[in-house]
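Visitor: 3D model of this:
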Amino acid sequence: MKRIKVILNPMADRGRGGQRQAAIAAHLQAMTPTGAGSVDMVVTERAGHAVELARMAALDGYDVVAAAGGDGTVHEVVNGLYQAGKAETALGVIPIGSGNDFAFANGMAGDVETAVSRLFTGTTKTVDLAHIVDDRGREKVFGNNFGLGFDAVVVIETEKITRIHGFLMYLWAVLRTLVLYYDRPQVEVTFDDELVKQHILFLAMGVGPRGGGGFLLVPDAKLDDNLIDSCTVNPINRLQMLWMIPKTINGTHTTSRFVTMRRNRRIAIHCTTPMSIHIDGEVFAYPRDNVRQVTVTSVPAVLRVIV
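Guide: The predicted structure follows:
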(Lines give C-alpha, C1' and ligand atoms only; values in the text may rest on other atoms or scores of the structure.)
Protein backbone atom coordinates (compact mmCIF):
# COMPACT_ATOMS: atom_id res chain seq x y z
CA MET A 1 0.00 0.00 0.00
CA LYS A 2 1.09 3.56 -0.67
CA ARG A 3 2.70 5.33 2.29
CA ILE A 4 2.15 9.08 2.39
CA LYS A 5 3.76 11.73 4.61
CA VAL A 6 2.03 15.13 4.67
CA ILE A 7 4.12 18.06 5.89
CA LEU A 8 1.87 20.96 6.91
CA ASN A 9 3.15 24.49 7.36
CA PRO A 10 0.73 26.27 9.73
CA MET A 11 2.31 29.63 8.86
CA ALA A 12 1.53 29.35 5.14
CA ASP A 13 -0.58 32.17 3.69
CA ARG A 14 0.31 34.49 6.55
CA GLY A 15 -0.70 31.98 9.25
CA ARG A 16 -3.86 30.73 7.59
CA GLY A 17 -2.32 27.33 6.87
CA GLY A 18 -2.99 26.17 10.40
CA GLN A 19 -6.69 26.85 9.90
CA ARG A 20 -6.73 24.21 7.16
CA GLN A 21 -5.23 21.46 9.30
CA ALA A 22 -8.55 19.97 10.47
CA ALA A 23 -9.98 19.91 6.94
CA ILE A 24 -6.85 18.29 5.53
CA ALA A 25 -6.84 15.68 8.31
CA ALA A 26 -10.52 14.89 7.69
CA HIS A 27 -10.00 14.41 3.96
CA LEU A 28 -6.93 12.25 4.59
CA GLN A 29 -8.90 10.09 7.02
CA ALA A 30 -11.75 9.77 4.54
CA MET A 31 -9.37 8.48 1.88
CA THR A 32 -7.32 6.10 4.00
CA PRO A 33 -10.02 3.48 4.79
CA THR A 34 -10.44 2.81 1.08
CA GLY A 35 -7.28 0.72 1.24
CA ALA A 36 -5.39 3.24 -0.85
CA GLY A 37 -2.61 3.50 1.71
CA SER A 38 -1.50 4.81 5.08
CA VAL A 39 -0.92 8.44 5.98
CA ASP A 40 1.05 10.40 8.54
CA MET A 41 0.83 14.17 8.96
CA VAL A 42 3.39 16.33 10.72
CA VAL A 43 3.38 20.09 11.37
CA THR A 44 6.47 22.24 10.84
CA GLU A 45 7.76 24.20 13.81
CA ARG A 46 10.28 26.61 12.27
CA ALA A 47 11.82 27.81 9.03
CA GLY A 48 13.77 25.00 7.37
CA HIS A 49 11.97 22.29 9.32
CA ALA A 50 10.21 20.95 6.21
CA VAL A 51 13.61 20.27 4.61
CA GLU A 52 14.54 17.97 7.50
CA LEU A 53 11.13 16.30 7.63
CA ALA A 54 11.06 15.63 3.88
CA ARG A 55 14.58 14.23 3.82
CA MET A 56 13.80 11.89 6.73
CA ALA A 57 10.51 10.78 5.16
CA ALA A 58 12.21 9.91 1.87
CA LEU A 59 14.96 8.01 3.65
CA ASP A 60 12.29 6.19 5.70
CA GLY A 61 10.78 4.87 2.49
CA TYR A 62 7.61 6.92 2.08
CA ASP A 63 6.19 6.68 -1.42
CA VAL A 64 4.81 10.23 -1.38
CA VAL A 65 5.92 13.29 0.59
CA ALA A 66 3.34 16.06 0.31
CA ALA A 67 3.84 19.76 1.02
CA ALA A 68 0.72 21.33 2.54
CA GLY A 69 1.50 25.01 2.27
CA GLY A 70 2.63 27.59 -0.25
CA ASP A 71 5.62 27.86 -2.54
CA GLY A 72 7.98 28.26 0.40
CA THR A 73 6.82 24.96 1.87
CA VAL A 74 7.10 23.24 -1.50
CA HIS A 75 10.58 24.71 -1.87
CA GLU A 76 11.71 23.22 1.45
CA VAL A 77 10.17 19.81 0.74
CA VAL A 78 11.78 19.72 -2.70
CA ASN A 79 15.17 20.46 -1.16
CA GLY A 80 14.66 17.72 1.43
CA LEU A 81 13.78 15.18 -1.25
CA TYR A 82 16.74 16.27 -3.37
CA GLN A 83 19.10 15.88 -0.43
CA ALA A 84 17.77 12.39 0.28
CA GLY A 85 18.54 11.31 -3.27
CA LYS A 86 15.61 8.89 -3.38
CA ALA A 87 14.33 9.20 -6.93
CA GLU A 88 11.42 6.86 -6.26
CA THR A 89 9.84 9.24 -3.71
CA ALA A 90 7.18 11.44 -5.31
CA LEU A 91 6.26 15.00 -4.34
CA GLY A 92 2.64 15.81 -3.60
CA VAL A 93 1.24 19.31 -3.09
CA ILE A 94 -1.74 20.59 -1.13
CA PRO A 95 -1.61 24.24 -2.24
CA ILE A 96 -2.77 26.48 0.62
CA GLY A 97 -0.26 29.33 0.30
CA SER A 98 -0.31 32.90 -0.94
CA GLY A 99 1.04 32.30 -4.44
CA ASN A 100 0.88 28.56 -5.21
CA ASP A 101 2.90 29.13 -8.37
CA PHE A 102 4.48 25.64 -8.38
CA ALA A 103 0.99 24.14 -8.19
CA PHE A 104 -0.14 26.41 -11.04
CA ALA A 105 2.79 25.31 -13.20
CA ASN A 106 1.87 21.67 -12.64
CA GLY A 107 -1.86 22.12 -13.24
CA MET A 108 -2.88 21.26 -9.67
CA ALA A 109 -6.32 22.25 -8.43
CA GLY A 110 -6.39 24.58 -5.45
CA ASP A 111 -9.15 23.08 -3.28
CA VAL A 112 -8.09 20.89 -0.37
CA GLU A 113 -10.36 17.92 -1.09
CA THR A 114 -9.15 17.53 -4.67
CA ALA A 115 -5.53 17.99 -3.64
CA VAL A 116 -5.78 15.32 -0.94
CA SER A 117 -7.53 12.91 -3.28
CA ARG A 118 -4.77 13.44 -5.84
CA LEU A 119 -2.17 12.09 -3.39
CA PHE A 120 -3.90 8.71 -3.56
CA THR A 121 -5.22 8.59 -7.12
CA GLY A 122 -3.03 10.94 -9.17
CA THR A 123 -0.47 10.01 -11.77
CA THR A 124 3.20 10.97 -11.65
CA LYS A 125 5.32 12.98 -14.03
CA THR A 126 9.00 13.86 -13.93
CA VAL A 127 10.09 17.50 -13.91
CA ASP A 128 13.31 19.48 -13.86
CA LEU A 129 14.81 21.50 -11.04
CA ALA A 130 17.44 24.23 -11.05
CA HIS A 131 20.53 24.27 -8.82
CA ILE A 132 21.97 27.49 -7.42
CA VAL A 133 25.34 28.00 -5.72
CA ASP A 134 26.78 31.31 -4.51
CA ASP A 135 30.31 32.59 -3.99
CA ARG A 136 30.33 31.26 -0.43
CA GLY A 137 29.52 27.71 -1.53
CA ARG A 138 25.95 27.85 -0.26
CA GLU A 139 23.67 25.82 -2.54
CA LYS A 140 20.03 24.87 -2.97
CA VAL A 141 17.66 23.69 -5.65
CA PHE A 142 14.47 25.40 -6.74
CA GLY A 143 11.49 24.06 -8.61
CA ASN A 144 9.87 27.20 -9.96
CA ASN A 145 11.60 30.58 -10.14
CA PHE A 146 14.48 32.91 -9.37
CA GLY A 147 14.64 36.69 -9.17
CA LEU A 148 17.50 39.18 -8.96
CA GLY A 149 17.10 42.92 -8.44
CA PHE A 150 13.63 44.48 -8.44
CA ASP A 151 11.93 41.08 -8.50
CA ALA A 152 13.77 40.00 -5.35
CA VAL A 153 13.17 43.30 -3.56
CA VAL A 154 9.45 42.73 -4.08
CA VAL A 155 9.75 39.45 -2.16
CA ILE A 156 11.66 41.21 0.62
CA GLU A 157 8.91 43.83 0.71
CA THR A 158 6.21 41.15 1.19
CA GLU A 159 7.84 40.27 4.51
CA LYS A 160 6.64 43.63 5.83
CA ILE A 161 3.01 43.15 4.72
CA THR A 162 0.67 41.51 7.22
CA ARG A 163 -2.88 42.67 6.52
CA ILE A 164 -3.37 41.33 3.00
CA HIS A 165 -2.41 38.05 1.39
CA GLY A 166 -2.49 36.18 -1.90
CA PHE A 167 -1.94 37.93 -5.22
CA LEU A 168 -2.99 41.32 -3.79
CA MET A 169 -0.11 41.11 -1.32
CA TYR A 170 2.38 40.63 -4.15
CA LEU A 171 0.79 43.35 -6.26
CA TRP A 172 0.93 45.79 -3.33
CA ALA A 173 4.57 44.85 -2.77
CA VAL A 174 5.30 45.55 -6.44
CA LEU A 175 3.78 49.03 -6.17
CA ARG A 176 5.65 49.79 -2.96
CA THR A 177 8.92 48.60 -4.48
CA LEU A 178 8.28 50.72 -7.55
CA VAL A 179 8.15 53.81 -5.33
CA LEU A 180 11.04 52.91 -3.00
CA TYR A 181 13.53 50.99 -5.14
CA TYR A 182 16.15 52.94 -7.12
CA ASP A 183 18.99 50.47 -7.79
CA ARG A 184 19.91 49.38 -11.30
CA PRO A 185 22.74 46.91 -10.63
CA GLN A 186 25.57 46.35 -13.06
CA VAL A 187 25.87 42.66 -13.87
CA GLU A 188 27.98 40.32 -15.95
CA VAL A 189 25.91 37.30 -16.94
CA THR A 190 27.07 34.29 -18.91
CA PHE A 191 24.08 32.57 -20.52
CA ASP A 192 25.74 29.30 -21.51
CA ASP A 193 28.39 30.78 -23.88
CA GLU A 194 26.89 34.27 -24.30
CA LEU A 195 28.42 36.98 -22.12
CA VAL A 196 26.23 39.99 -21.33
CA LYS A 197 27.39 43.08 -19.44
CA GLN A 198 24.75 45.65 -18.56
CA HIS A 199 22.71 47.47 -15.94
CA ILE A 200 19.37 45.80 -15.23
CA LEU A 201 16.11 46.48 -13.46
CA PHE A 202 15.81 42.77 -12.78
CA LEU A 203 16.66 39.32 -14.04
CA ALA A 204 14.02 36.64 -13.56
CA MET A 205 14.39 32.93 -14.32
CA GLY A 206 11.91 30.12 -14.32
CA VAL A 207 11.61 26.38 -14.47
CA GLY A 208 7.90 27.21 -14.30
CA PRO A 209 6.17 30.21 -15.91
CA ARG A 210 4.67 32.17 -13.01
CA GLY A 211 5.74 33.98 -9.84
CA GLY A 212 4.10 36.17 -7.21
CA GLY A 213 0.76 34.41 -7.51
CA GLY A 214 0.01 35.87 -10.93
CA PHE A 215 3.00 37.34 -12.80
CA LEU A 216 3.90 35.39 -15.95
CA LEU A 217 7.47 36.62 -16.18
CA VAL A 218 8.62 33.63 -18.28
CA PRO A 219 5.30 32.52 -19.79
CA ASP A 220 6.76 29.93 -22.15
CA ALA A 221 8.79 28.04 -19.53
CA LYS A 222 8.37 24.27 -19.58
CA LEU A 223 8.98 21.99 -16.63
CA ASP A 224 10.64 19.17 -18.55
CA ASP A 225 12.84 20.65 -21.30
CA ASN A 226 16.16 20.87 -19.38
CA LEU A 227 16.16 24.62 -19.97
CA ILE A 228 15.84 27.63 -17.69
CA ASP A 229 13.83 30.46 -19.21
CA SER A 230 14.97 33.97 -18.29
CA CYS A 231 13.67 37.51 -18.60
CA THR A 232 16.16 40.38 -18.46
CA VAL A 233 14.60 43.82 -18.06
CA ASN A 234 16.66 46.91 -18.87
CA PRO A 235 16.60 49.97 -16.59
CA ILE A 236 13.33 51.83 -17.19
CA ASN A 237 11.60 54.72 -15.48
CA ARG A 238 8.60 54.45 -13.17
CA LEU A 239 6.01 55.31 -15.81
CA GLN A 240 7.41 52.57 -18.03
CA MET A 241 7.34 50.19 -15.07
CA LEU A 242 3.67 50.97 -14.42
CA TRP A 243 2.98 50.30 -18.08
CA MET A 244 4.82 47.00 -17.79
CA ILE A 245 2.98 45.61 -14.72
CA PRO A 246 -0.24 44.50 -16.45
CA LYS A 247 1.80 43.03 -19.29
CA THR A 248 3.75 40.83 -16.86
CA ILE A 249 0.43 39.58 -15.47
CA ASN A 250 -0.74 38.33 -18.86
CA GLY A 251 2.73 37.49 -20.18
CA THR A 252 2.75 39.95 -23.09
CA HIS A 253 5.81 41.91 -21.91
CA THR A 254 8.09 39.49 -23.76
CA THR A 255 7.95 41.53 -26.99
CA SER A 256 8.91 44.81 -25.31
CA ARG A 257 12.09 46.52 -26.49
CA PHE A 258 13.13 46.73 -22.83
CA VAL A 259 13.01 42.94 -22.37
CA THR A 260 15.25 40.09 -23.52
CA MET A 261 14.02 36.50 -23.22
CA ARG A 262 16.43 33.56 -23.29
CA ARG A 263 16.58 29.80 -22.68
CA ASN A 264 19.73 28.24 -21.26
CA ARG A 265 21.07 25.38 -19.20
CA ARG A 266 23.64 27.34 -17.19
CA ILE A 267 23.56 30.98 -16.11
CA ALA A 268 26.48 32.51 -14.18
CA ILE A 269 25.95 35.97 -12.66
CA HIS A 270 28.50 38.38 -11.24
CA CYS A 271 27.43 41.71 -9.75
CA THR A 272 29.60 44.63 -8.67
CA THR A 273 27.37 45.23 -5.63
CA PRO A 274 25.69 42.85 -3.13
CA MET A 275 22.70 41.14 -4.73
CA SER A 276 19.10 40.71 -3.62
CA ILE A 277 17.95 37.25 -4.75
CA HIS A 278 14.86 35.14 -4.21
CA ILE A 279 14.21 31.54 -5.21
CA ASP A 280 10.67 30.13 -5.21
CA GLY A 281 9.48 33.30 -3.50
CA GLU A 282 11.86 32.87 -0.55
CA VAL A 283 14.79 35.21 0.02
CA PHE A 284 18.07 33.50 -0.88
CA ALA A 285 20.24 36.59 -0.40
CA TYR A 286 19.66 39.96 1.24
CA PRO A 287 22.08 42.80 0.39
CA ARG A 288 23.62 42.39 3.86
CA ASP A 289 24.72 38.85 2.89
CA ASN A 290 27.16 40.39 0.37
CA VAL A 291 26.53 37.75 -2.31
CA ARG A 292 28.08 38.94 -5.57
CA GLN A 293 28.21 35.80 -7.65
CA VAL A 294 25.82 32.90 -8.28
CA THR A 295 25.58 30.11 -10.81
CA VAL A 296 22.26 28.53 -11.77
CA THR A 297 22.21 25.20 -13.61
CA SER A 298 19.36 23.07 -14.91
CA VAL A 299 18.97 19.67 -13.27
CA PRO A 300 16.88 17.64 -15.71
CA ALA A 301 14.23 15.01 -14.90
CA VAL A 302 15.13 14.72 -11.22
CA LEU A 303 11.80 15.12 -9.39
CA ARG A 304 8.67 13.00 -9.59
CA VAL A 305 5.46 14.95 -8.98
CA ILE A 306 1.92 13.65 -8.44
CA VAL A 307 -0.55 15.51 -10.65
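
Visitor: what about residue 236, how many neighbours?
Guide: 17 (other CB atoms under 10 Å). No exception for glycine: its C-beta is placed from N, CA and C like everyone else's.

Visitor: contact partners for it?
Guide: 201, 244, 258 (CB atoms under 8 Å, 6 or more residues apart in numbering).

Visitor: quickly list the domain ranges of this structure.
Guide: Listed by automatic domain parsing, the domain ranges of the chain are 2-122, 132-300.

Visitor: would a markdown table of the ones you listed with distance to residue 307 be doable?
Guide: Converted to a markdown table, the domains of the chain look like this (distance: least, CB to CB, whole Å):
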| stretch | distance to residue 307 |
| --- | --- |
| domain 2-122 | 5 |
| domain 132-300 | 10 |
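
Visitor: quickly run through the sheet partners of the longest strand along the chain, with directions.
Guide: Longest strand in the chain by number of residues (criterion: DSSP state E): strand 293-306. Neighbouring strands of strand 293-306 in its sheet, by DSSP bridges, are strand 90-95 (parallel), strand 124-134 (antiparallel), strand 266-271 (antiparallel).

Visitor: hmm, who's touching the following helix or strand past the first one?
Guide: The helix or strand immediately downstream of strand 90-95 is helix 101-105, counting by DSSP states H and E. Contacts made with helix 101-105 from outside it, assessed by CB under 8 Å, 6+ apart, are listed as 71, 74-75, 93, 95, 110, 143-145, 207-213, 221, 223, 280-281.

Visitor: filter those residues down to the buried ones, ChimeraX style.
Guide: Here is the ChimeraX command that selects only those of the contacts of helix 101-105 that count as buried (16 or more other CB atoms under 10 Å):
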select :71,74,75,93,95,143,144,145,207,208,209,210,211,212,213,221,223,280,281
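
Visitor: narrow the contacts of helix 101-105 to those in strands?
Guide: 93, 95, 145.

Visitor: mind listing what's buried along the strand or helix carrying residue 239?
Guide: Element membership of residue 239, judged by DSSP H and E, is helix 238-250. Across helix 238-250, burial judged by 16+ other CB under 10 Å covers 241, 244, 247-249.

Visitor: of these, closest to residue 123?
Guide: Nearest to residue 123 out of the buried residues of helix 238-250 is residue 249 (CB to CB; 30.5 Å).

Visitor: my guess is that closest one contacts residue 212. True?
Guide: No. Applying CB atoms under 8 Å as the test, residue 249 and residue 212 come out as separate, 9.3 Å apart.

Visitor: now render the contacts of residue 236 as a markdown table, adding pLDDT and distance to residue 183.
Guide: Below are the contacts of residue 236 laid out as a markdown table (pLDDT from 0 to 100; distance: CB to CB, whole Å):
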| residue | pLDDT | distance to residue 183 |
| --- | --- | --- |
| 201 | 96 | 9 |
| 244 | 93 | 17 |
| 258 | 97 | 17 |
